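>>> Whatever this is, show me its structure:
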Amino acid sequence: MEPLPEDREPLPEERESFQPRSDSFKEEGHEQKFQLKKTPKQRQEPEESFTVEDQEGGLEWDDEIKPLEEEREPLEEEREPLEEERDSFQPRSDSFKEERHEQKFQLRTAPKQRQVLGEKIQVIRKKADPEKRHPDCQAEKQDDLSTQLEEANQKYQDLDKEFDILLEEKLEFQSLADNLADDNYKLSTELGQAYTERHVLEDKLDSLEAEGEEQELATKLKEENKLLSTSLGSMRNLIKHLQEEVEILSENNEKLRQETTSVESQLEDGLFEELEKNTALCQILEQKVAAAEGEKAEFEEETLKWEKDRADLLTQLQNSQTQYQILKDQFESVSQDGKNRHVLASKLIEEKEELCVQLEDSRKECQESDVRLDVIPKATKILDQKIAYLQTDRKELRRKLETAEKERLDFSEQNKVAMEKFKEAEELRLNIEEKNTILEYEIKLAKNKVADYKADNKDLNVHNRGLKHQIEFQKKSNEELEGRAFTLVEMLDLLEKKVFLAENRQKQLEGELQVRNIPSQYGYYNFLFLHLKKKSQQMDKSSRTETRLSTNRWPMGRRTKRSNE
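Residues are numbered from 1 along each chain as shown. Prediction:
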């Protein structure tokens, strides 16, 4: 592969074929420059018209149009980098003019062909030298097998060592199992001896408990006698305390009856006069409120009409804002297309530089492979397609710019008309709001007066209800006191019965203790002990039945209290 000379001149046939295309590129470049110079002037014209009207005092910006001005400022800031990018495209368009020879465009596919040829050469070399690589592969396979054998031997040695360790551990565990069996036998013999000793001790305890139970019964009877004597004293004190409470409750009941009669007589005289006065004032205020509500309804109808007009104007403003956003999106899409074109141009320039370096190598390969005649027409077709694609993109960009400018001008005119209508609607709205505020203030005053009279009536009604509830509560409390007095009388009767039974039981126990102190034979002592047990059980049963009867009678007073509450 001999390198081609760097300073090779293009062929005359190639020059003639590429001259018309280079001329067309020059003309398109001039047209693009002319259009790019026009666009900033067209964008500045409507802005200048707005500034002149502002200076003369023709426009009065309102608070609702300020957000549109705030949105305009970032758009102007975004427009400046776009203009800078637009200016950056001009030297690149000049660089396209300097490309006089179309050989460089046609040979852009040369590096791809070079790669294909290099791959084919490598395949041919691999097919030509298969015998040289076989011994290398066999040597590599032998090395792999030797390494695998060494690894297998090492694993076998490790397994032998582990097997020896496991045998030693097995012998140790067997010796431990034998020792544990001996220890288990010794423990089982010791447990058998302990069980026999336990049975002997249990027999001794049973005999001792039988002797101790007799002594415990005597002590328990003495303790019960003491408890009964103390309970009798406490019950007598309770009876005295309950009698005192019954007397106090009866006195309170009489006082409450006297107070209720005096309160009822006072209320019946003064309440009726106040209620009649309040009802007359309420009727007068209700008539005034009805008249004010009629006037308010008329003003509300007028306000609804003005609100409809205002809603129409707001819809027009919203439509204009949506159109403005659409124009903004279109402008952003155009700027993005320009950026994409800028990226494509930079890529084309990079490819151009690479091709300039790789031209010589590609020509050498084309001469050696005799494929130059087949490659050139294909390359020309591809380049023609790319050029046509670029031309269509330029035309689309021109159309988008023209439509965006037209829509922007229409939008500015619509904004002027909407501003005038919006000012008129706001003036009307302010007048209506002033009238509504005056009427609402008068209606609120009338309603407050009515509410005050109603509140006074409610307070009087609440006071009357409270007095009625107090009277009813006093009646219920009197009934509850009568029920409690009845229950206390019943409790006194039950307590007297219990005292009588307790005294009888105390006498019986004293007689039994005297009999028990007399010396007698063993059989007679057991007979007395069983007889005392039966009597004590019978006494317990009788006391339980009496307590049940007393509990059934006692809650009657509580039930009446809960029902009254």
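
>>> Quick check: Leu513 vs Lys507, distance?
Remark: distance between Leu513 and Lys507 (C-beta to C-beta, to the nearest Å) = 11 Å. (C-beta placed from N, C-alpha, C; glycine too.)

>>> Oops, could you answer that again for Glu480 instead?
Relative to Lys507, and taking C-beta to C-beta, Glu480 is found at 41 Å.

>>> cool, and Ala388?
On the measure of C-beta to C-beta, Ala388 and Lys507 end up 137 Å apart.

>>> what's the answer for Asp456, then?
76 Å.

>>> Same drill for those two, tell me which one is more crowded.
Neighbours were tallied for Asp456 and for Lys507 using other C-beta atoms under 10 Å; the higher tally belongs to Asp456 (15 against 10).

>>> Against which helices or strands is the helix or strand containing the more buried one packed?
Asp456 belongs to helix 372-517 when elements are defined using DSSP states H and E. In terms of contacts (3 or more C-beta pairs under 8 Å, 6 or more residues apart in numbering; DSSP states H and E), helix 372-517 is packed against helix 12-56, helix 103-106, helix 110-128, helix 134-369, helix 522-553, helix 555-564.

>>> average pLDDT for stretch 499-512?
What stretch 499-512 shows for mean pLDDT is 76.

>>> Ok, stretch 293-304 next?
67.

>>> Please apply the same query to stretch 425-439.
75.

>>> Give the buried residues for it.
Buried residues in stretch 425-439, defined by neighbour count with 16 or more other C-beta atoms under 10 Å: 425, 432, 439.

>>> Same question for stretch 496-507.
In stretch 496-507, counting by 16+ other C-beta under 10 Å, buried: 498-499, 502, 505.

>>> could you dump the residues you listed to CSV with distance to Arg408?
What follows is the buried residues of stretch 496-507, written out as CSV (distance: C-beta to C-beta, whole Å):
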residue, distance to Arg408
Lys498, 110
Val499, 114
Ala502, 115
Arg505, 118
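
>>> can you tell me which of those residues lies nearest to Leu397?
Lys498 (116.4 Å; C-beta to C-beta).

>>> could you measure the closest one against Glu512, distance?
Distance of Lys498 to Glu512, computed by C-beta to C-beta: 21 Å.

>>> now Leu409
129 Å.

>>> More neighbours: these two, which one.
Neighbours per residue, other C-beta under 10 Å: of Leu409 and Glu512, the larger number sits with Glu512, 16 against 13.

>>> now that one: how far from Leu501?
To Leu501, Glu512 is 16 Å away according to C-beta to C-beta.

>>> Over to Glu83?
Look at Glu83 and Leu501: by C-beta to C-beta, they are 119 Å apart.

>>> swap in Ile443?
Between Ile443 and Leu501 the computed distance is 83 Å (C-beta to C-beta).

>>> go on, Arg429?
On the measure of C-beta to C-beta, Arg429 and Leu501 end up 98 Å apart.

>>> same check, this time on Lys449
To Leu501, Lys449 is 77 Å away according to C-beta to C-beta.

>>> ditto for Tyr389
123 Å.

>>> Over to Glu350?
Distance check for Glu350 against Leu501: by C-beta to C-beta, it reads 123 Å.

>>> Same question for Pro81.
For Pro81, the distance to Leu501 - C-beta to C-beta - is 113 Å.

>>> and if you look at Val489?
Taking C-beta to C-beta as the measure, Val489 falls 19 Å from Leu501.

>>> swap in Arg484?
26 Å.

>>> One more: Ala311?
Distance, Ala311 to Leu501, by C-beta to C-beta: 97 Å.

>>> Same check on Asp456?
Distance from Asp456 to Leu501, by C-beta to C-beta: 67 Å.

>>> do Glu150 as well
On the measure of C-beta to C-beta, Glu150 and Leu501 end up 108 Å apart.

>>> What of Asn415?
For Asn415 relative to Leu501 (C-beta to C-beta), the value is 110 Å.

>>> Please apply the same query to Glu405.
Glu405 is 120 Å from Leu501, by C-beta to C-beta.

>>> Check Glu168 too.
Distance from Glu168 to Leu501, by C-beta to C-beta: 87 Å.
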